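Student: coordinates only, sequence not included:
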Ligand code: PXG
């Protein structure tokens with residue numbers, strides 16, 4: 001989440017807009033930038049420096065491409081913010097929203113009411129999710145999803161009469177959103193610094209980041225096991241009777257596409273079961289096909305008690321989040337009276353209608369299958385071949401259509417750059433100027449393109465990434 005202190009000069013070669021893509025713009029780029037600087041506070045940004053350099057104004061998108069207000073065509077290696085799974089410009093989603101807005105633009109799901117879109121969505125999610133997930137609670141974002149997770153976890157233990165089970169264990173460098181609960185659950189120090197009020201009873205253990213944190217001669221599997229066993233140590237320190245849940249992203253997304261070795265999640269699950277602690281998988285990025293499985297916990301082979309969903313649920317066309325409850329958790333919530341939680345827009349009919357249309361595309365066009373069997377393996381292979389023995393690439397993590405490229409001063413010795421964040425920003429700017437969106441998290445470069453990407457487009461991303469990383473190495477005097 002390091003958008004801060006990044007001054008990007010958009011020195012782009014002028015390109016005429018492709019006529020089919022020309023957009024009727026209301027204002028010039030300069031006018032847009034001036035108004036944006038005058039009135040808009042951006043998320044996770046140093047507004048002083050951003051206002052001096054000016055934002056890039058994105059005006060249109062189709063498939064895996066974006067167009068900015070100056071007519072530049074940019075390939076989106078990040079699917080927006082890890083969310084536009086079906087790609088841009090799908091009319092089916094626009095039609096679903098239009099139809100639903102005319103029929104029933106809003107009604108709530110409080111006070112003994114419901115409506116067809118939320119019913120259809122719940123039934124479809126139950127069909128697509130693994131077998132024990134048959135109940136869903138709705139909200140508007142991943143952050144609200146994780147707030148909801150906390151509410152469900154506490155209600156669950158209250159129904160069991162285990163009122164002392166209050167602590168939730170999370171991980172350093174995890175990301176769970178930016179509400180107070182999401183930000184506290186997350187392990188981003190720079191967010192915690194700006195949050196004098198945090199949610200109580202949340203503690204963090206270390207992350208399974210092999211390249212950056214493994215000491216000595218541990219193998220990735222041994223290291224991942226040791227990091228999972230920190231959970232057991234933390235539970236014993238707090239007392240199992242006081243621990244309610246463990247939450248983690250199956251792979252850390254915003255934290256750098258950190259993929260733990262195969263030993264990690266089975267051990268976490270074993271520990272959670274042993275001490276009667278709920279296991280929560282935050283699937284906000286991993287859900288809906290990113291790894292080639294419908295949910296990332298299926299890729300890693302474990303069974304959570306709760307899953308947090310957002311982003312790919314609607315492919316970002318409208319905001320929506322959800323929490324999926326394992327049958328044993330759902331049963332406790334259903335059979336024990338009022339659950340006092342809800343939002344005006346819980347199960348919003350337009351969002352639900354768009355989600356249904358989106359999930360049907362992912363299923364019926366076999367988009368998730370393609371990520372698993374075709375485009376995902378191709379993407380991973382191209383990246384690994386292209387960057388094998390690259391002088392500043394230390395590791396490539398990922399599966400399906402998500403990848404993290406570790407920038408390193410000495411890849412073989414696993415030696416990172418002392419000023420890794422600056423190197424990431426240099427590389428990110430080269431990507432930007434080469435019309436590729438690739439995200440930098442510190443010294444890791446991240447890719448997570450729309451799941452509809454084809455092989456030619458994958459080639460374009462990989463070759464643009466190579467150019468940017470080569471240019472970064474050259475600027476650093478490394479070759
Ligand atoms: N959990 C995870 C795993 C996430 O990645 C959230 C929860 C919160 O979702 P909302 O919808 O409240 O933002 C996220 C969000 C980035 C970036 O730059 C990542 C996220 C959001 C914004 C930027 O990597 N992830």
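Tutor: Alright, I've got the coordinates. Model, not experiment: these values are computed from the prediction.
Student: near the ligand, which residues of the stretch 251-400 of the chain?
Tutor: Neighbours of the ligand within the stretch 251-400 of the chain, by Cβ under 6 Å from any ligand atom: 253-254, 282, 284-285, 310. Where you see a C-beta, it was placed from the backbone N, CA and C, and this is true even at glycine.
Student: can you count the residues close to residue 471?
Tutor: 17 (other Cβ atoms under 10 Å).
Student: same thing with residue 98?
Tutor: Using other Cβ under 10 Å, residue 98 is surrounded by 13 other residues.
Student: how close does it sit to the ligand?
Tutor: The spacing between residue 98 and the ligand, counted by Cβ to the nearest ligand atom, to the nearest Å, is 24 Å.
Student: do the same with residue 386
Tutor: According to Cβ to the nearest ligand atom, residue 386 stands 23 Å off from the ligand.
Student: assess the claim that that residue and residue 466 are in contact.
Tutor: Yes: contact criterion Cβ atoms under 8 Å: residue 386 and residue 466 qualify, at 5.5 Å.
Student: can you pull the domain assignment for this structure?
Tutor: Domain assignment for the chain by automatic domain parsing gives 20-87+367-476, 91-364.
Student: dump these to a markdown table, plus mean pLDDT.
Tutor: Shown next, in a markdown table, are these (pLDDT from 0 to 100):
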| stretch | mean pLDDT |
| --- | --- |
| domain 20-87+367-476 | 96 |
| domain 91-364 | 98 |
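Student: can you classify residue 225 by secondary structure?
Tutor: For residue 225, the secondary structure call by DSSP: H, G, I helix; E, B strand; the rest coil comes out as helix.
Student: wait, it sits on residue 262?
Tutor: No: the pair residue 225 / residue 262 is not scored as a contact, 9.9 Å apart, by Cβ under 8 Å.
Student: what's the local residue count around residue 38?
Tutor: Residues near residue 38, counting by other Cβ under 10 Å: 8.
Student: for it, what are phi and psi?
Tutor: Torsion angles at residue 38 (phi, psi; degrees, to the nearest 10) stand at phi -70, psi -30.
Student: over to residue 205?
Tutor: phi -110, psi 170.
Student: do residue 248 as well
Tutor: phi -160, psi 150.
Student: is it in a bridge, and if so with what?
Tutor: residue 281 (DSSP bridges).
Student: list the contacts of it.
Tutor: Contacts of residue 248 were listed using Cβ atoms under 8 Å, 6 or more residues apart in numbering, and they are 170-171, 174, 268, 280-282.
Student: repeat that with 10 Å
Tutor: Residue 248 makes contact with 169-171, 174, 176, 185, 187, 205, 207-208, 228, 231, 260, 264-265, 268, 279-282, 297, 304 under the criterion Cβ atoms under 10 Å, 6 or more residues apart in numbering.
Student: now residue 475: how far from the ligand?
Tutor: 24 Å.
Student: quick check: closest non-adjacent residue to that residue.
Tutor: Excluding its sequence neighbours, the residue lying closest to residue 475 (Cβ to Cβ, 6 or more residues apart in numbering) is residue 426, at 6.1 Å.
Student: ok, residue 332 touching residue 162?
Tutor: No: Residue 332 lies out of contact with residue 162 (Cβ atoms under 10 Å); the separation is 11.1 Å.
Student: out of those two, which sits in the busier spot?
Tutor: Applying other Cβ under 10 Å to residue 332 and residue 162 shows that residue 332 carries more neighbours, namely 17 against 14.
Student: quickly note the distance from that one to residue 279.
Tutor: Using Cβ to Cβ, to the nearest Å, one gets 15 Å for the distance from residue 332 to residue 279.
Student: which parts of the stretch 51-200 of the chain are strands?
Tutor: For the stretch 51-200 of the chain, the strands defined by DSSP state E, counting those that start in this stretch cover 58-62, 65-68, 73-76, 133-139, 167-171.
Student: any figure for the gap between the residue of the chain found nearest the ligand and residue 86?
Tutor: Proximity to the ligand, evaluated over the chain using Cβ to the nearest ligand atom, is greatest for residue 142 at 2.3 Å. In this view, residue 142 and residue 86 are 18 Å apart by Cβ to Cβ.
Student: neighbour count: the two, which is higher?
Tutor: Neighbours per residue (other Cβ under 10 Å) separate residue 142 from residue 86, with residue 142 holding more: 30 against 27.
Student: pull the number of nearby residues for residue 170.
Tutor: Quick note: residue 170 (other Cβ under 10 Å) scores 22 neighbours.
Student: what residues are up against it?
Tutor: 146, 176, 184-187, 202-205, 245-249, 280, 282.
Student: for residue 274, see how far away the residue of the chain most remote from its centre is.
Tutor: Ranked by distance from the centre of the chain (Cα atoms, centre = their mean), the top residue is residue 161, with 34.5 Å. Separation of residue 161 from residue 274 (Cβ to Cβ) stands at 20 Å.
Student: for residue 123, same thing?
Tutor: Taken as Cβ to Cβ, the span from residue 123 to residue 274 is 35 Å.
Student: okay, how far is it across stretch 46-65, tip to tip?
Tutor: 27 Å (Cα to Cα, to the nearest Å).
Student: quick one: buried residues of it?
Tutor: 50-51, 54-57, 59-61, 63-65 (16 or more other Cβ atoms under 10 Å).
Student: which parts of the stretch 151-300 of the chain are helices?
Tutor: In the stretch 151-300 of the chain, the helices defined using DSSP state H, counting those that start in this stretch lie at 180-185, 189-192, 210-213, 220-238, 264-274, 296-300.
Student: how about the residue nearest the centre of the chain, what does it touch?
Tutor: Nearest to the geometric centre of the chain sits residue 285, at 3.0 Å (Cα atoms, centre = their mean). Contacts for residue 285 (Cβ under 10 Å, 6+ apart) come out as 79, 81-83, 142, 175, 249-254, 257, 291, 296, 310-312, 402, 448.
Student: of the residues you listed, select the buried ones using a PyMOL command.
Tutor: PyMOL command restricting the contacts of residue 285 to the buried ones, with burial defined by 16+ other Cβ under 10 Å:
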select buried, resi 79+82+83+142+175+249+250+251+252+253+254+257+291+296+310+311+312+402+448
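Student: the closest residue to residue 155 other than its chain neighbours: neighbouring residues, count only.
Tutor: Excluding its sequence neighbours, the residue lying closest to residue 155 (Cβ to Cβ, 6+ apart) is residue 339, at 5.6 Å. The number of residues packed near residue 339 is 14, by other Cβ under 10 Å.
Student: quick revisit: and the furthest pair within the buried residues of stretch 46-65?
Tutor: 51 and 63 (31.7 Å; Cβ to Cβ).
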